[in-house]
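In: okay, sequence plus prediction incoming.
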Amino acid sequence: MQVVMQVDMFRGEVPVDVVEGLKAVLLDNPDARNDYKTMIAAYWLRFDGLAQLLENNPTPEAFATWMRDRATSPKTLQNRAMELQREYDQLEATAEVRRYRNMQARAGVVR
């Protein structure tokens, strides 16, 4: 299944919404299904303009501004990915990763 995207001439591909963008990332990048950090980086590079930032102004200050003003929250991306992975079998992580995530979810409060 291929997700058709809109195009923004300044930022590249722009998803219709976060969920559609994440579907595209998870479909195109199987490693992102097993690792939320990989998924977040792929989403930011593809949809939030991180690639352009790194190309044009790769400074800590520029990154901090980009993170505050343009980046989609990592928590939002993780939550939406979890929902998508529950809904679509083809986007699910491997069985080993699912077992680990389930164990972590039941581990209780972090101390």
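Out: All right, it came through fine.

In: the strands in the chain, which residues?
Out: Assigned by DSSP state E, the strands in the chain fall at 6-8, 12-14.

In: weakest of the ones you listed by average pLDDT?
Out: Lowest mean pLDDT within the strands of the chain: strand 6-8, at a mean of 47.

In: so who does residue 29 touch?
Out: Residue 29 sits next to 38, 39, 42 when contact means Cβ atoms under 8 Å, 6 or more residues apart in numbering. No exception for glycine: its C-beta is placed from N, CA and C like everyone else's.

In: make a PyMOL selection of the buried ones in these.
Out: The following PyMOL line selects those of the contacts of residue 29 that are buried, judged by 16 or more other Cβ atoms under 10 Å:
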select buried, resi 39+42
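
In: could you dump the contacts of residue 29 to JSON lines with pLDDT and distance to residue 50?
Out: Output for those, formatted as JSON lines (pLDDT from 0 to 100; distance: Cβ to Cβ, whole Å):
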{"residue": "38", "pLDDT": "96", "distance to residue 50": "13"}
{"residue": "39", "pLDDT": "96", "distance to residue 50": "13"}
{"residue": "42", "pLDDT": "96", "distance to residue 50": "10"}
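
In: nearest to residue 75 among the contacts of residue 29?
Out: residue 39 (12.6 Å; Cβ to Cβ).

In: just to check, the closest one is in contact with residue 33?
Out: Yes. At 7.5 Å, residue 39 and residue 33 qualify as touching, with contact defined as Cβ atoms under 8 Å.

In: what residues are shared contacts of the two?
Out: Common neighbours of residue 39 and residue 33 (criterion: Cβ under 8 Å, 6+ apart): residue 26.

In: which secondary element of this structure has the worst mean pLDDT?
Out: strand 6-8 (a mean of 47; mean pLDDT, DSSP states H and E).

In: now the residue nearest the centre of the chain: how far from residue 89?
Out: In the chain, the centroid-proximal residue (Cα atoms, centre = their mean) is residue 40; its distance is 3.2 Å. Distance from residue 40 to residue 89, counting by Cβ to Cβ, to the nearest Å: 22 Å.
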